[in-house]
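Peer 1: pasting a predicted model and its sequence here:
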Amino acid sequence: MSDSATAAVPPQPFGRRLKRLMSDQPLIPLILLLVALVVALQILRPGIVNPAWIATTIKFAIPLAIFAGCQTMAMLTGGIDLSVGTVATMAAFIVATQGVYHDPAVAIAIALTPALVIGLANGIGIGVFRVHPLIMTLGTGLIGTGFLQVYQRTVIATGTAVPPGLAWLGTGLTWGIPNALLLFIPAAAFILFLLNRTGFGRLLYAVGDNERAAKLSGVQYWQVILVLYVLCSLLAGIAGLLYIGLIKSASLSLAEPLVLPSVAAAVIGGTSIFGGRGGYLGSIVGALILRVLITLLTILQMPEGARQILFGVIVLGVTAAYLRIIEDR
Amino acid sequence: MRAVVTTEPLLDATGVAKNYGAVAALRNASLSVLPGEVHALMGANGAGKSTLVKILTGAVAASAGTIRIRGTARRMHSPAEARRSGLVPVYQEPSLIPDLDVAANLRLTGTPVEPFRAFVEELGVPDLDLSETARDIPLAILRVLDLARALAVKPDVLLLDEMTAALPANLAERVLEVVRREARGGRSVIFISHRFVEIAALCDRATVLRDGATVGVVDIAPGIEERIVELMLGAKVEKTRIAGPDAAVSQQAGPPRIAVRNLAVGTKLADVSFDLANGEVAGLVALEGQGQDELFGVLAGSIRPSGGTVEVDGERVAFSHPADAIRRGIAYVPGDRSEALLGHRSVRENIALPFSARLRDWGPINMRREQATVERAIERLQIDTRAQREVLRLSGGNQQKVTIARWVAADARTILCFDPTRGIDVGTKREIYRLLRELAAQGHSVLYYTSELEEVQLVCDRAIVIFGGRVVDILPVAIADEAALTRAAYGLAREAESGPANGAGAP
Amino acid sequence: MIRTLRRHAWVTGLVVLLALLFVVTKLIQPGYGAADFVSLTRAVLPYAFAVAAQTVVVIAGGIDLSVASMMALTSVTAAVMMAGASEEYALFVVPFVLLMGFCLGALNGILIVVSRVPDIVVTLATLFMLQGAALLVLNAPGGGAAEWLKALVIGPVPIPFLPDSVDAYLPKALLLLVVCLAVVWIPLKRSRTGLSLYAIGSSELAAFRSGVPVARTKILAYALSGLFGAMGGLSLTMSTGIGAPIPGPYLLASVAAVVLGGVTLGGGRGGLLGPIVAVFVLRLVRTDLTLLAVDPNVTTIIEGVIMVIVVMLGAFLAMREKRS
Amino acid sequence: QGTYTIGISNTVQGNGWREEMICAMKAQALASGKVAKLNIAHRNTDAAGQSEDIRNLISAGVNAIVVNPADPSGINAALKEATDKGIVVIAVDQAVTEPSAYIISNNQEQYAYLGAKWLFQQMGGKGDVVYMRGAAGASADSDRDKGFKKALAEFPDVKVAQEVFTGWQQDQGKQQILDFIATGTPFNGIWTSGIDNVIVDALVESGATMVPVVGADNAGFVGQLNNVQGFTGAAVTNPGSIGAAGVKLAVDILDGKKPEEKVVLVEPQLWENATAEGKAKLKAAADPSLSPEWPVSIMIPGWTDYTKEQIVACKGPGE
Ligand SMILES: Nc1ncnc2c1ncn2[C@@H]1O[C@H](COP(=O)(O)OP(=O)(O)OP(=O)(O)O)[C@@H](O)[C@H]1O
Ligand SMILES: Nc1ncnc2c1ncn2[C@@H]1O[C@H](COP(=O)(O)OP(=O)(O)OP(=O)(O)O)[C@@H](O)[C@H]1O
Ligand SMILES: O[C@@H]1[C@@H](O)[C@H](O)OC[C@H]1O
Ligand SMILES: [Mg+2]
Ligand SMILES: [Mg+2]
């Protein structure tokens, strides 16, 4: 133990200052980790980091990032939304099948209806009846899946038609830039603005940090939760529409594989599942990190088992490294 | 005071420092405690008292410094280790496991039940149910249990961090008695409190911290108070009433701000009636558990009454949510700050919280306006915002100020303060008294529950005393000295010479 | 008595629900009897171990997303080791696999403590690692199991002096379940370590300040989860006679049963009995839906609705209790 | 009308192929006129869960059980319990090792062999192939792997440039192939385990050179084989309607008409668009109105008795 009897704070070495910067701007180290992964990829497969690959990565990261937006907002309140996969899949499947009969606007409206209904159900269950979000959204997800299966029986022989606008948005490029950004940038800006600059955003943090304190300040929990889950569901529905535009093949489990990664993206991005802490920019970078990681593993030639092990190791390693860098305690 | 025998110190800490990122919680603290001594650790809010206790007991690691126990240098890695070395703390926040019952809590820490029970009784809680879950036990009782648990293991050094702050006068009195006796029995005690009376009554010496450094060690003797305050704040503070009793208050025109009639809540609140006038600070005095929690709960909109009426500005109200009360301009500042604060959010967001509560305020925030409002409130309460990114990292006293600042910023017309000066240093207390008087002068009204009876005469216009869920007396401030209030609080009749209760609406 | 019942109101409610479900089952299928009950307990077995694994960590304030993968890995390991081996060799395999589960679980805990990464991320990462390891052990379903091991879950326990019609209602699988859980859980629950589990789940800070070795306790919680997971994996091998590297539907099921069983996500509250009863309830609901020949897609809806309604009802009752 | 109750157990939900299988079973049960009720357990689960479902079906008192096994031997115990009780057990799609059960199955090994062999021939017997498998650890996947490897052994100059598991998920398959295209590594052909139309889509979208693709007879992919300009490929049949064959076999056995053999393998066919003859077959098979994930071979001659309307209506007896 050293003796520091003096009152003056000693001038800080560069390393400490850098660390301070990183902990104040947690996004920087996260982006550095992303870059490190991209560099690793380029080293392993020289030439892969080209405009086409970047466009693909962005296209596939966007639906995940929107999902991660839902998770981020829900997690800020101490919740989680496991029904996003079902909601998105329903929206996708319904728009592709209804697209046969109706013009795109109508098909989209029909496709988003279940999103609205499930969001309302989640909000009421969690906000009013205080059902644990995990159970509530798991339950509504199951129910939604059931309804989708029932619905599916009625459209076996109608064929599918993905609205061309969605396909353009999902897969198209303009000057090499994915058109999906046309949807994503405003959506992300909206979420960021919501979280950082609006009363509602403040309340998400407040409710998740200390519900009682929020209540004593006049916040009505159920209102916040209801709006939150409806919003999540609608975003998930929109992500589903975008996803069907990207994949162009309606399946009954289209977006389910995105659910766990979306939670992971938010957590990697620094949002706490216990509520009150985190933000959306981190989640977006988290989604990109996961997508790059998936490419990395796809490209590497090794047994599938080893690939999965490596995936786990890297996810853990990245998160641990990130925490080390940003913590200042 | 007992004469201090000069022997080798039992506990000797020197050069202790602790940095939390950019915040230096301690820079150069030293503390030396003799066997059998009750040693006060004093300092303004944020001076670093709690941090020192945490370091001494292994709850946090020091950045620098040496700690010797009976002459040997030691470094504690955990509270468990400190316990084994005979250092047993009662931290500023309750440490019972919330979801375990009392018995399990004892078993967990290996605390012998019988001595514990004996101490609990002695400390003024006669009918403790060991199978009660800690979460359901009121804060004051929890503090007592924490203390009894510490005492039951017969520590060499007992470290009490604001042990009495959340206690009503009767329980605080018991604590002092028991601690005094234990010290006589040979234990050393480190005692943190912002109440000079307690320090004077209990302690032998005091170490004073300012801005994380030890600035003096004094023997406690009559009149030393001034010197300590000087050391603590680097300035003098006088102790007088902030503003004269406002005779005009109760006679103000129009309906009272709040009129409570025959209010009842289950078995806790039987029949309470009083008025709170505009521009008045009304003191509420009660022993622990006399229904004050329920009364505040009803007025704040968190509890629904089972009988009686509440009128606000002459209009009958029935709140079903704190939002309803707030809409009527009634804000509640809970005594337990963990109930009021968003620990991981910034000072600014904490203060601005009520601005976003209503549906119509969910839209974009006017950041400039918010900034200005919040800064004004911070200024007005003189909040030390060095660690403002997370309120949790502020010292206890500064946290408490944030809870009040919120309603000052929101300009609530009525503030229900539940023991707001709990664990607040003298300097800050004065600021809060001044602030409340200022608000009153502007026509706001304040209902002020306090466990420190002397405060009544310092800031209130009247004292409403409840006992057993009923208003037993309403005293004008002139006669509401500690003796009179204590009598009343125990439900005893007023002494002959004082006049009749002049509170409006008392039955 | 009344007091204990009140305290365990949730579990009591679940038991009543289970009893009602048995009545309903008997009404749907008058022939429902001992053999069917034996089947039920066999179906319960892997779920019960999965939920036990989840319960320990949830009580300790964590969550274990790797439960199902742990079961898959231990199951394939056991199946591969026993394939073609002698009957006696299984006597070695069983403790080996249990130890393996315990150690891998402990590894989960160590990673959480050392990396300080939230539980949910660490166990998500180990979910993939264990699943990958399972694929490396066995890349397609296969392997085998000792006959005596398989026999452990078949049929009722023969009790010498009881008439068959009575002991027919004591399935071996149930006995196995109760013994395995009790051997670990009861001594634990009685010990200070058990209290520590609840303590760290309730408040890590308060536990630390109460002298609980937080890191060690957390590691133990995950180790026990791994142990129960290994029991679950073995039960899969016992009941199928093989090992399959793809994890079954045990992760979400375990979380759902934990919540239905009255254990608070977040930690510190609840016990093992509730979640186990919840597993029986969920399995019996499944049986009833099959007996009723409900349209399978509607089945999904019904299961979702039941899950939501039960928890909603519980929450609603709790709210009313609080009000009054 | 009918008298038999038939139980059905299936462990993959939310996949077009399996949905077709269920609808085919219902249609066949209805068309046979001999089935009073179908009792369907249809959910996502493993072998242990399937054993549970089978036992529940036994409790429900069914006369026969048609099962798409989660695993060839993992449900043997439950199947044995059923046959011991005199219940007729038929495994469809994949084989089971329980000897008392009947099997009517698509030949998965042959499925892969046939397609891979055609593909390698198209590639001129040399070059690099992208091998896009199903779900790691699934028995259908490992059976197909055997067939694929067998074909590979016959073409020593064909190399596997990339082997990945799509998990039978459309989105995964599409991202994987796009990632691979981005590496710029040349390849001459793609074999898929049924995640096929998104692959063709990805080739078109990314402007990559078209290479031959082998997939299954899913409606979407068959449509592409017919319509996408400059695209050569082949669909190997893997009818989901095999489920109906299982029901038919069950009814026959209940009627006392036992088959000679306990095991019937339905041999896959290959429809390619490289020859005029193949094109004609594909044209005939195409059905753009069908759900794109459904195999177009909605009937199996000799094994199914329903009409297209009936399978599309997806209604069983009593519904
Ligand atoms: N975890 C932390 N992170 C950052 N700063 C901290 C943390 N804990 C304490 N501090 C800072 O250290 C200083 C000393 O705090 P401490 O709690 O020791 O004060 P105190 O003397 O006990 O005050 P009070 O009388 O108000 O309780 C304060 O400025 C506080 O903000
Ligand atoms: N977004 C904000 N930023 C800063 N201060 C605010 C904000 N919203 C409200 N305040 C402060 O809170 C107090 C009351 O605000 P406000 O005028 O919105 O409430 P109000 O009395 O209900 O008025 P109105 O009925 O017009 O909404 C004012 O002192 C105001 O400065
Ligand atoms: O699940 C299906 C499998 O059973 C079948 O044989 O091939 C296609 C798969 O989707
Ligand atoms: Mg303090
Ligand atoms: Mg304090």
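Peer 2: Yep, that arrived. Ligands and ions are numbered 1, 2, ... in the order given.

Peer 1: and the residue nearest the centre of chain D?
Peer 2: D:Asn238 (4.1 Å; C-alpha atoms, centre = their mean).

Peer 1: isn't it up against D:Tyr111?
Peer 2: Yes - in this structure, D:Asn238 is within contact of D:Tyr111 by C-beta atoms under 8 Å, at 5.7 Å. In short, each C-beta sits where N, CA and C put it, glycine included.

Peer 1: contacts only, for the residue nearest to the centre of chain D.
Peer 2: By C-beta atoms under 8 Å, 6 or more residues apart in numbering or on different chains, D:Asn238 lies in contact with D:17, D:106, D:111, D:194, D:216-217, D:268, D:295, D:297.

Peer 1: on that earlier part again, so what sits against both of D:Asn238 and D:Tyr111?
Peer 2: Shared contacts of D:Asn238 and D:Tyr111, defined by C-beta under 8 Å, 6+ apart, comprise D:Pro268.

Peer 1: residue boundaries of the helices in the stretch 201-329 of chain A?
Peer 2: Here the stretch 201-329 of chain A has its helices, by DSSP state H, counting those that start in this stretch, at A:211-216, A:221-247, A:259-268, A:280-299, A:304-326.

Peer 1: can you find the helix or strand in chain D with the smallest mean pLDDT?
Peer 2: Across the helices and strands of chain D, mean confidence by mean pLDDT, DSSP states H and E is lowest for strand D:263-266: a mean of 85.

Peer 1: how far away from the center of its chain is the helix or strand immediately after it in the chain?
Peer 2: Later in the chain than strand D:263-266, the nearest helix or strand by DSSP states H and E is strand D:270-272. Centroid displacement of strand D:270-272 relative to its chain, using C-alpha atoms, centre = their mean, to the nearest Å, is 15 Å.

Peer 1: for the stretch 1-150 of chain C, what spans make up the helices?
Peer 2: In the stretch 1-150 of chain C, the helices defined using DSSP H, counting those that start in this stretch lie at C:2-7, C:9-28, C:34-59, C:67-82, C:89-115, C:119-137, C:147-151.

Peer 1: can you say which of those is packed in most?
Peer 2: The highest mean neighbour count among the helices of the stretch 1-150 of chain C, using mean count of other C-beta atoms under 10 Å in any protein chain shown, belongs to helix C:67-82: a mean of 29.

Peer 1: what segments of the stretch 201-324 of chain C are strands?
Peer 2: Under the criterion DSSP state E, counting those that start in this stretch, the stretch 201-324 of chain C carries no strands.

Peer 1: show me what from it comes close to chain D.
Peer 2: Proximity of the stretch 201-324 of chain C to chain D, by C-beta under 8 Å from any C-beta of the partner chain, involves residues C:235-236, C:239-242, C:244-249, C:283, C:286-287, C:290-291, C:293, C:295-297, C:299-300.

Peer 1: can I get the helices of the stretch 201-329 of chain A in TSV including mean neighbour count and distance to D:Val62?
Peer 2: Conversion of the helices of the stretch 201-329 of chain A to TSV gives the following (neighbours: other C-beta atoms under 10 Å in any protein chain shown; distance: least, C-beta to C-beta, whole Å):
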stretch	mean neighbour count	distance to D:Val62
helix A:211-216	22	51
helix A:221-247	26	38
helix A:259-268	26	35
helix A:280-299	24	44
helix A:304-326	20	38
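
Peer 1: rewinding a little: and the contacts of the least confident helix or strand of chain D?
Peer 2: So strand D:263-266 is contacted by D:95, D:102-107, D:110, D:239, D:242, D:245, D:249, D:300, D:303 (C-beta under 8 Å, 6+ apart).

Peer 1: if we use 7 Å, what do you get?
Peer 2: Here strand D:263-266 makes contact (C-beta atoms under 7 Å, 6 or more residues apart in numbering or on different chains) with D:103-107, D:242, D:300.

Peer 1: and the residue of the stretch 201-319 of chain D nearest ligand 3?
Peer 2: D:Asn238 (5.3 Å; C-beta to the nearest ligand atom).

Peer 1: helices of chain D, residue ranges please.
Peer 2: Applying DSSP state H to chain D gives helices spanning D:16-32, D:47-59, D:76-84, D:108-122, D:139-154, D:170-182, D:197-206, D:219-227, D:242-254, D:276-285, D:308-313.
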